[in-house]
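*Asks:* pasting the sequence and the predicted model now:
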Amino acid sequence: MSTLHLKALEIALDAVLALGTPKLSFMATTFTPSSSTDQYFSDISAEVASGTTAVTLASVTTTIDTVNNRVELDTADPSLATITATTNKYVIWVDTGVAATSPVLATIDIVEGTLSPVSGTLAITVNAEGHFAFKAV
Amino acid sequence: MSATVASFNKTAFTAGVTNINITKPTGLAVGDTMIAVVSGHDTGAFTFTTPSYWTLVQSIQTAGTALNTNIFLKVADSSDVAASQFNFAASANLTQFGGTLMRISGAIASPLDTSEKDELGAASATITFTGSSVAANQDELILMVMVGMQTDSGVVTLSGYNSTPSLTWTEVTEDSVNSGTTDPVYGIAYANVTSGITFTQYGATLSSSKQEHGGALILIKSVVNATGTNTLLEVSPLLSTQNGVGGTTGTNALLVVEPQIFTQNGKVTNSTQWTNLDKPTVSNVNNLEKP
């Protein structure tokens, strides 16, 4: 039976995360991600939601979920305080210190749709399973 | 977090003063919004002085200019927090002068969205201001300030704050005084509104039908928090089907090498049998062949 080994996927993901500091950026509602061409943060930085700054992700963990046969990326709940912005999605990327070499990992929709805090706190309650997963088939 | 009236202090109508001090509301913190409503009556025209660093939101004048009510706003800083009271002044020694200072918590740093005022000279127990057009652009606190005055002796009270669309109005406070033939009253109520609400009417009820009156609406922007969630973004890599080319296991026939022998033609020469039985002398033969 053909098998994609979860450990290898986990090692690969860890290696990408180790390139720098994992961060999260809230994106403008006009941003349309391109899975094939949005490679580095410099490719998408112009589409970051106005009024927001990048959030350094805490408690970044990669976990093999043997029940669901996948490698999951999870973090602590990210938030930004005292901001006025409009966003409906966020991007997880790894900050190498240079935008042109900082890889973009995933663009993730906010379930509630567009969030518009006013001088308030913008937060994401991360799904219990994490942000994203690589599922072996 | 919706903005709300967290606390307030009131200085009751006082006769014959040009200044009033209002005690600092309990719990005032840096960043809180302070809204002061000062009201006064005199026999002639007068004005209120806008205190330094405060913003005049509205000035409601009824009974000509004899009954004035001003609404001031300021975002509290450290000096305000350190203060014990706030002073408000009029341009004349007033027949009656009072005011209320509210602490609004949960408002943004630039809290004032919009406001309007209405002034009517007609006497009526029911105050109804139509044609309002103030609209909430986000989650906000709306304040309604109502003022009135009757010319008969007696204390006037306010009740029945209302609006279209209908909201649940909560009165913060009101103050009135029996001042002989000119009895002023003001009241303050608040409600919380969400984005998209436009007011077309607001009003209240006075306890006497012989008043001139006015009113104002003030919208204060609330801090709006936003929390979202995400579904797990699951990526399933595709294992491509691999087409293998299977090798055939075969056998080989024995390679036999057979040497080829060419046919060889032999030749035999038969000797002639001599008939002479006499054997020639050998020596003679040899002599003949020698040169």
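*Replies:* In hand now; what should we look at?

*Asks:* identify the spatial nearest neighbour of residue B:71, chain neighbours not counted.
*Replies:* Closest residue to residue B:71 apart from its sequence neighbours, by Cβ to Cβ, 6 or more residues apart in numbering or on different chains: residue B:57 at 4.3 Å. In this view, the C-beta of every residue, glycine as well, is placed from N, C-alpha and C.

*Asks:* helices along chain B, start to end?
*Replies:* Residue ranges of the helices in chain B, as given by DSSP state H, are B:78-82, B:282-289.

*Asks:* check these for me: which has the lowest mean pLDDT.
*Replies:* Of all the helices of chain B, helix B:282-289 carries the lowest average pLDDT, namely a mean of 52.

*Asks:* in the stretch 1-150 of chain B, what spans have low per-residue confidence?
*Replies:* B:1, B:63-65, B:121 (pLDDT under 70).

*Asks:* what residue in it comes nearest to chain A?
*Replies:* Ranked by Cβ to the nearest Cβ, the top residue of the stretch 1-150 of chain B for proximity to chain A is residue B:108, at 3.7 Å.

*Asks:* the nearest residue to that residue once chain neighbours are set aside: what's it in contact with?
*Replies:* Spatial nearest neighbour of residue B:108, excluding adjacent residues (Cβ to Cβ, 6+ apart): residue A:119 at 3.7 Å. With contact set as Cβ atoms under 8 Å, 6 or more residues apart in numbering or on different chains, residue A:119 has these partners: A:82-84, B:108-109, B:221, B:223-224.

*Asks:* can you select the buried ones from these in PyMOL?
*Replies:* Applied in PyMOL, the following selects the buried portion of those according to 16 or more other Cβ atoms under 10 Å in any protein chain shown:
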select buried, (chain A and resi 83+84) or (chain B and resi 108+221+223+224)
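
*Asks:* ok, the contacts of residue A:119 vs residue B:165, which is closest?
*Replies:* Lowest distance from residue B:165 to these (Cβ to Cβ) belongs to residue B:221, with 19.1 Å.

*Asks:* so the closest one sits against residue B:107, correct?
*Replies:* Yes - judged on Cβ atoms under 8 Å, residue B:221 makes contact with residue B:107 at a distance of 6.2 Å.

*Asks:* touching both of these two, which residues are there?
*Replies:* residue B:3.

*Asks:* of all the residues in stretch A:129-137, which ones are buried?
*Replies:* So for stretch A:129-137, counting by 16+ other Cβ under 10 Å, buried means A:129-136.

*Asks:* repeat for stretch B:148-161
*Replies:* Within stretch B:148-161, the residues that qualify as buried are B:148-150, B:156, B:158, B:161, counting by 16+ other Cβ under 10 Å.

*Asks:* next one: stretch B:190-203
*Replies:* In stretch B:190-203, counting by 16+ other Cβ under 10 Å, buried: B:190-193, B:197, B:199, B:202-203.

*Asks:* how much space is there between the nearest residue to residue B:83 once chain neighbours are set aside and residue B:174?
*Replies:* Among residues not flanking residue B:83 along the chain, residue B:24 sits closest, at 5.8 Å (Cβ to Cβ, 6+ apart). From residue B:24 over to residue B:174 the distance is 21 Å, taken as Cβ to Cβ, to the nearest Å.

*Asks:* how far does the helix or strand where residue A:13 lies sit from the chain's center?
*Replies:* Using DSSP states H and E, residue A:13 sits in helix A:6-17. Computed by Cα atoms, centre = their mean, to the nearest Å, the chain-centroid distance of helix A:6-17 equals 16 Å.

*Asks:* give me the distance from the very next helix or strand once past it to the chain's centre.
*Replies:* Moving toward the C-terminus from helix A:6-17, the next helix or strand (DSSP H and E) is strand A:21-27. Between the centre of strand A:21-27 and the centre of its host chain there is 6 Å, according to Cα atoms, centre = their mean.

*Asks:* ok, the most centrally placed residue in chain B - contacts?
*Replies:* The centroid of chain B falls nearest to residue B:224 when counting by Cα atoms, centre = their mean (4.8 Å). Residue B:224 makes contact with A:116-120, B:1, B:138-139, according to Cβ under 8 Å, 6+ apart.

*Asks:* what's the farthest-apart pair in the buried residues of stretch B:190-203?
*Replies:* Among those, the pair separated by the greatest distance (Cβ to Cβ) is B:192 and B:203, at 19.0 Å.

*Asks:* look at the residue most central in space within chain A and report its pLDDT.
*Replies:* Nearest to the geometric centre of chain A sits residue A:92, at 2.1 Å (Cα atoms, centre = their mean). On pLDDT, residue A:92 comes in at 97.

*Asks:* tell me which residues touch it, please.
*Replies:* By Cβ under 8 Å, 6+ apart, the contact set of residue A:92 is A:22-24, A:57, A:73, A:104-106, A:108, A:131-132.

*Asks:* any weak-confidence spans in the stretch 151-291 of chain B?
*Replies:* Along the stretch 151-291 of chain B, segments meeting pLDDT under 70 span B:153, B:181, B:210-211, B:238-240, B:242, B:244-291.

*Asks:* spell out which parts of it neighbour chain A.
*Replies:* Proximity of the stretch 151-291 of chain B to chain A (Cβ under 8 Å from any Cβ of the partner chain) is limited to residues B:221-239, B:242.

*Asks:* mark which of the residues you listed are buried, thanks.
*Replies:* The buried subset of those (16+ other Cβ under 10 Å) comprises B:221-228, B:230, B:232-233.

*Asks:* what's the most distant pair in the residues you listed?
*Replies:* It's B:221 and B:232 that sit farthest apart of these, by Cβ to Cβ, at 35.5 Å.

*Asks:* can you list the residues of chain A near chain B?
*Replies:* Contact residues (Cβ under 8 Å from any Cβ) of chain A with chain B: A:2, A:4, A:9, A:70, A:72, A:84, A:90, A:106, A:108-112, A:115-127, A:129-137.

*Asks:* next step: those residues restricted to strands.
*Replies:* With strands taken from DSSP state E, the overlap with the residues of chain A next to chain B comprises A:70, A:72, A:90, A:106, A:108-109, A:120-125, A:132-135.

*Asks:* report the lowest-confidence entry in the residues you listed.
*Replies:* Ranked by pLDDT, those bottom out at residue A:135, which has 87.

*Asks:* these two touch, right, that residue and residue B:236?
*Replies:* Yes - the pair residue A:135 / residue B:236 is scored as a contact, 4.3 Å apart, by Cβ under 8 Å.
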